[in-house]
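> What follows is a predicted structure for the sequence shown.
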Amino acid sequence: MKEETFLSAAETGDINTVKALIEDGIAVDTHDEHERTALMKAAKYNQADIVLFLLENGADINARDNRGTNAVYWAASRGNLEITKLLLEKGADITVHDDRGWTAIDHAKSNHHLDVARFLEEQAAAV
């Protein structure tokens with residue numbers, strides 16, 4: 001029950017609930033049945049404050065779900081440049097391939113988020 005509340009709070013941007021549950025001892029990398037963590041859900045639903053808070057509290061930035069995707073994939077596929085930049089600044093791996101062989105760049109392009117795709121390509125070239 002706490003796990004569902006925690007993951008839902010990350011999705012909806014309920015920072016107070018996220019903080020309270022972490023203070024209460026919930027694992028920051030708690031995940032759902034698809035192995036999607038609170039960080040992935042916050043990135044997917046454009047919750048920048050939650051993303052930053054979870055990272056500051058030890059969330060695994062490169063955790064992968066059962067399809068092989070990570071938090072930067074979710075931010076990029078949803079076109080959130082702010083969260084994509086934040087995740088890369090904190091060390092997210094943009095070379096990860098999902099179960100179809102796609103990267104975050106591929107997903108950003110396929111969803112017509114060309115600003116995010118360009119940013120990721122620039123970052124990949126700089127490595």
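Ah, there it is.
> Tell me the spacing between the residue lying closest to D115 once chain neighbours are set aside and V116.
Residue nearest to D115 in three dimensions, not counting chain neighbours: L81, with 5.7 Å by CB to CB, 6 or more residues apart in numbering. All C-beta atoms are positioned from the backbone trio N, CA, C, and that covers glycine. Distance of L81 to V116, computed by CB to CB, to the nearest Å: 5 Å.
> wait, isn't K19 in contact with F53?
Yes: contact status for K19 versus F53: in contact at 7.0 Å, counting by CB atoms under 8 Å.
> The two: which is more packed in?
F53 (20 against 14; other CB atoms under 10 Å).
> Run a quick check on that one versus V18, I expect a contact.
Yes: at 6.4 Å, F53 and V18 qualify as touching, with contact defined as CB under 8 Å.
> What pLDDT does the model give the most far-flung residue of the chain relative to its centre?
Centroid-distance maximum for the chain: D24 at 22.6 Å, with CA atoms, centre = their mean. Listed pLDDT for D24 reads 96.
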